[in-house]
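> give the three-dimensional model of this entry:
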Amino acid sequence: MKNVAAPALALLAALGLSGCAGMSPAVPPFSQAALPAAVQVPAGHRVALESVGVGEITYECKAKANAAGAFEWVFVGPRADLNSRAGARQGSYFGPPATWVANDGSRITGTQVAVAPHVPGSIPLQLVKANPASGAGEMMGVTFVQRVATQGGVAPASACDAATLGRKEVVKYQADYIFWKAA
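Predicted structure coming up:
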């Protein structure tokens, strides 16, 4: 009976310790399960950093290419602060080209791989392939960046016509930026 009791006590002790470990709140790892396949990061990568980008996107009213007399709002570029989930500043994002800079000075640029629609009134979800980082720090080794949980940021609803040609408008947006590295 002692031979059975010792392993049983060890198992109960392990379960008890894991139960205590669960008492401290843990941040669950980012899951791609609910994302469209087009913006999912390929297997073999792990999340290196999660941030919440809060900022604005500038658009300019321009003549539509190959459409005489037609006008449209054209994306000029973003500018955002990158914050931790707790609100601490981690870096910045701006473009073009799309550039993410960590507080430690390391930076990456990237090339869009895919987009997928999100909710109406919000910019699309996005997958970006990162170029090699410059500067040693958090951005070293980042291979992909996902833009998810987007809110706002779409082109203005105001008129874009001959009378407003050249006008720039700034719209607010927020998005989570998830940085991935090879596992």
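
> okay, CA-based contacts and neighbour counts for the rest of this
Fine.

> W100 falls within a helix, correct?
No. W100: not assigned to a helix; according to DSSP: H, G, I helix; E, B strand; the rest coil it is strand.

> residues in contact with the closest residue to it other than its chain neighbours?
Excluding the flanking residues, the one nearest W100 by CA to CA, 6 or more residues apart in numbering is Y93, at 4.5 Å. Shown in contact with Y93 (CA atoms under 8 Å, 6 or more residues apart in numbering): G53, P78, R79, A80, D81, L82, T99, W100, V101.

> so where is this protein shaky, pLDDT-wise?
Within the chain, the stretches with pLDDT under 70 are 1-29.

> for it, what spans make up the helices?
In order along the chain, the chain carries the following helices (DSSP state H): 2-21.

> check which helices and strands the lengthiest strand in it sits against.
Ordering each strand of the chain by length in residues (DSSP state E) puts strand 45-63 first. Applying 3 or more CA pairs under 8 Å, 6 or more residues apart in numbering; DSSP states H and E, one finds that strand 45-63 contacts strand 71-83, strand 89-94, strand 168-182.

> measure how buried A157 is and give me the count.
Around A157 there are 7 other residues, counting by other CA atoms under 10 Å.

> against W180, how distant is it?
34 Å (CA to CA, to the nearest Å).

> ok, now Q40?
11 Å.

> which one of those two is surrounded by more residues?
Using other CA under 10 Å, the more surrounded residue of Q40 and W180 is W180, with 24 against 18.

> many thanks, I have nothing further to ask.
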